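Engineer: Build me a structure from this.
(one chain, ligands or ions: 1)
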Amino acid sequence: MYSEEELTHRLTTQVFGRTVFVYDSIDSTNTYAKDFAAKGAGEGTVVIADHQTAGRGRFGRIWQAESGLNLLFSLIIRPTLSMNKIGLLPFFAAVGIALTIENVAGIKCECKWPNDILCQGKKCCGILMESAVQKGKLDYAIVGIGLNVNQRNFIDGLNNRATSLSNECGKEFDRKELFCQIMSSLELLYQQVSKGDFTNVIREWKARTTIFGKGIKLTIADDVIQGVVLGLASDGGLVVETKSRQRVFYAGDVTLINEI
Ligand code: BTN
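Structural biologist: Predicted coordinates for the structure are as follows:
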């Protein structure tokens with residue numbers, strides 16, 4: 001479906017996506033990108049595939065996507081950031097994608113903590129950020145993005161929770177064009193983010209979240225915590241007022257209490 005030449009020809013970026021490894025089918029673009037990064041691949045390198053045989057989601061879940069219909073790619077970044085800002089990187093990716101979807105598809109996105117994007121309450125994009133630290137410093141981060149583009153049907157059990165741009169808009173999207181737009185949007189935001197300035201990203205993310213001030217259930221493995229969301233900590237943690245005390249969480253699945 002994609003060819004390297006075609007993608008790079010359409011890009012308007014300086015760095016992001018300029019080196020791109022294109023595959024028909026691989027296990028996981030994140031796994032490949034990690035391998036390339038560990039061997040020294042430069043910032044902005046992208047691994048993209050039409051199909052993944054072992055696409056990975058958060059908490060070791062499987063990321064399922066029909067072959068040839070969606071965007072499945074991983075971007076390598078190497079920002080020089082203090083460790084307390086690394087947890088903010090997923091917000092950069094989420095905002096970059098949300099802005100692109102809003103521009104290209106004309107639909108409003110919701111950012112769901114920590115790094116999902118929803119359209120009309122259903123998930124259309126998941127982000128898997130994986131990082132490598134060396135001598136107390138970030139060596140590289142892999143931004144893995146699974147965006148449901150032209151897939152119309154989802155497996156049983158997911159239909160109520162997953163959607164695609166094409167389901168939301170009733171038309172098909174050019175995946176190459178969408179990919180190039182995402183690269184541009186991410187590169188633009190990255191100019192601030194790579195300098196440690198997340199002000200813009202966090203403002204845009206907060207403008208698209210719906211959980212502040214609301215009662216939530218947070219599921220972390222077998223643990224379920226209930227509370228009211230007070231806000232976002234400066235390092236990206238979710239600040240929750242629980243029955244006993246105020247706590248900050250860094251992972252988990254959030255459900256609004258009135259949605260349970
Ligand atoms: C999640 O919502 O749990 C994150 C899903 C991330 C899926 C993408 S698809 C491209 C990249 N390669 C992977 O194996 N995972 C990410």
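
Engineer: right, and the secondary structure at Ser74 would be what?
Structural biologist: Following DSSP: H, G, I helix; E, B strand; the rest coil, Ser74 is assigned to strand.

Engineer: That one contacts Asp35, doesn't it?
Structural biologist: No. If you go by C-beta atoms under 8 Å, Ser74 and Asp35 don't touch, sitting 10.5 Å apart. Placement of C-beta: from N, CA and C, glycine included.

Engineer: Do any residues in the host helix or strand of Glu177 lie close to the ligand?
Structural biologist: Applying DSSP states H and E as the criterion places Glu177 in helix 175-193. No. Helix 175-193 does not reach the ligand (C-beta under 6 Å from any ligand atom); its nearest approach is 12.1 Å.

Engineer: Which SSE is immediately downstream of that helix?
Structural biologist: Past helix 175-193, the next helix or strand by DSSP H and E is helix 199-206.

Engineer: who in the stretch 1-150 of the chain is up against the ligand?
Structural biologist: Residues of the stretch 1-150 of the chain lying close to the ligand (C-beta under 6 Å from any ligand atom) are 28-30, 52, 55-58, 61, 63, 72-74, 116, 126-128, 144-146.

Engineer: Tell me, how many residues neighbour the residue in the stretch 51-200 of the chain that the ligand sits nearest to?
Structural biologist: Proximity to the ligand, evaluated over the stretch 51-200 of the chain using C-beta to the nearest ligand atom, is greatest for Gly126 at 2.3 Å. Neighbour count of Gly126, defined by other C-beta atoms under 10 Å: 23.

Engineer: I'm done for today, thanks for sticking with me.
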